[in-house]
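**Q** sequence plus the predicted model coming up.
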Amino acid sequence: MIRETFTPASLEEAATLKRENAIYFSGGTQINWAPSKINAERVILLEGLLPVDVKRSDTRVEIGAGITLQALIDSLEVPETLRAAAFIPSRCVRNMATLGGNIAANRTDSSVIPALIALKAEVKTLEKGVLSVEEYISHEEDALISKVFLPEVHGVSMVDKIALSTAASPTLTMAVRIADDEAVIALGCLSNHVIRLQMLEERILSGGLETEEDIFDAVYSTVHPSERLKESSAYRRYITATMIARAVTDCKGRQA
């Protein structure tokens, strides 16, 4: 329960207040999420402080961290892969949830984080400077994100997820990008945060996995999801291998 709020005049002041055992509050969808275990007694309001615009240059797209997921979807300057990942069933939530907040929450079931990793995204933070999204989530950073940078990348990418219902926590979230000199496979719901299957990426680049069946077998022997109340570990393992195999095969086919 929120008991005290701070309204800083600048992002620099917000970062200073963070040392007072307070947490950042932007859209509030993570803090106010019913299953959340975040201690939100003292919050720092970021409304009006974070940039929300999208700018495209010859080398990258720059996105304000305060942009809502709905505004992200509506922007034609944003890569289609990220726009697709930002779609969640509730428009009310999409109009509140922010891109920076989604990254900072570092939820393993995020659909946005795998897409950002596949697109080699970076974040600009007040305390730590510029970090890759992969560094930010794997190191469990809590630095204040002000901007997100998307460099120009090559290849074909796609995102997907599977859940038992629109209200259920996803069984898997994923993003894949395949290029001539690079392969990225980012997965959510298998660990404490989104992960990459780097050994599998290397085998794909080396030509060691040619068919969909080869990829399925490689993934199936690599991942070992935990049991859930309504999903057995065997089911989660099978569906993960199936989705990755299909996604990688599709990206390779469209690249050819």
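**A** Cool, the structure landed. Numbers count the residues shown, from 1 in each chain.
**Q** quick one, strands of the stretch 1-150 of the chain?
**A** With strands called from DSSP state E, counting those that start in this stretch, the stretch 1-150 of the chain shows them at 4-6, 23-25, 42-45, 54-56, 60-64, 122-125, 129-132, 145-151.
**Q** which elements pack onto the top helix by length along the chain?
**A** Secondary structure of the chain per DSSP state H: the longest helix is helix 233-255. Applying 3 or more CB pairs under 8 Å, 6 or more residues apart in numbering; DSSP states H and E, one finds that helix 233-255 contacts strand 156-162, strand 172-179, strand 182-188, helix 212-220. Quick note: C-beta positions are derived from backbone N, CA and C, even for glycine.
**Q** centroid residue for this protein?
**A** Ile113 (0.9 Å; CA atoms, centre = their mean).
**Q** isn't that residue up against Arg196?
**A** No. With contact defined as CB atoms under 8 Å, Ile113 does not reach Arg196; the gap is 11.1 Å.
**Q** coming back round to it: in space, what's closest to the residue nearest to the centre of the chain - neighbours in sequence excluded?
**A** Val194 (4.5 Å; CB to CB, 6 or more residues apart in numbering).
**Q** ok so, going back, which neighbours do Ile113 and Arg196 have in common?
**A** Common neighbours of Ile113 and Arg196, using CB atoms under 8 Å, 6 or more residues apart in numbering, are Ala186.
**Q** need the contact list for Glu12.
**A** Glu12 neighbours (CB under 8 Å, 6+ apart): Leu126.
**Q** how much space between it and Leu144?
**A** Distance of Glu12 to Leu144, given as CB to CB, to the nearest Å: 9 Å.
**Q** re earlier: dump the strands of the stretch 1-150 of the chain into JSON lines; add mean pLDDT and mean neighbour count as well.
**A** Formatted as JSON lines, those follow (pLDDT from 0 to 100; neighbours: other CB atoms under 10 Å):
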{"stretch": "strand 4-6", "mean pLDDT": "89", "mean neighbour count": "13"}
{"stretch": "strand 23-25", "mean pLDDT": "88", "mean neighbour count": "21"}
{"stretch": "strand 42-45", "mean pLDDT": "88", "mean neighbour count": "19"}
{"stretch": "strand 54-56", "mean pLDDT": "96", "mean neighbour count": "15"}
{"stretch": "strand 60-64", "mean pLDDT": "97", "mean neighbour count": "20"}
{"stretch": "strand 122-125", "mean pLDDT": "97", "mean neighbour count": "22"}
{"stretch": "strand 129-132", "mean pLDDT": "97", "mean neighbour count": "13"}
{"stretch": "strand 145-151", "mean pLDDT": "97", "mean neighbour count": "21"}
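**Q** okay if I get these as TSV plus distance to Arg177?
**A** Shown next, in TSV, are these (distance: least, CB to CB, whole Å):
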stretch	distance to Arg177
strand 4-6	39
strand 23-25	30
strand 42-45	35
strand 54-56	19
strand 60-64	15
strand 122-125	16
strand 129-132	14
strand 145-151	12
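**Q** what comes up buried for stretch 155-171?
**A** Gly155, Val156, Ser157, Met158, Val159, Asp160, Lys161, Ile162, Ala163, Pro170, Thr171 (16 or more other CB atoms under 10 Å).
**Q** now do the same for the nearest residue to the third one once chain neighbours are set aside: its pLDDT.
**A** Taking CB to CB, 6+ apart, and ignoring the residues beside it in sequence, Ser157 has Arg177 as its nearest neighbour in space, at 3.8 Å. As predicted, Arg177 sits at a pLDDT of 97.
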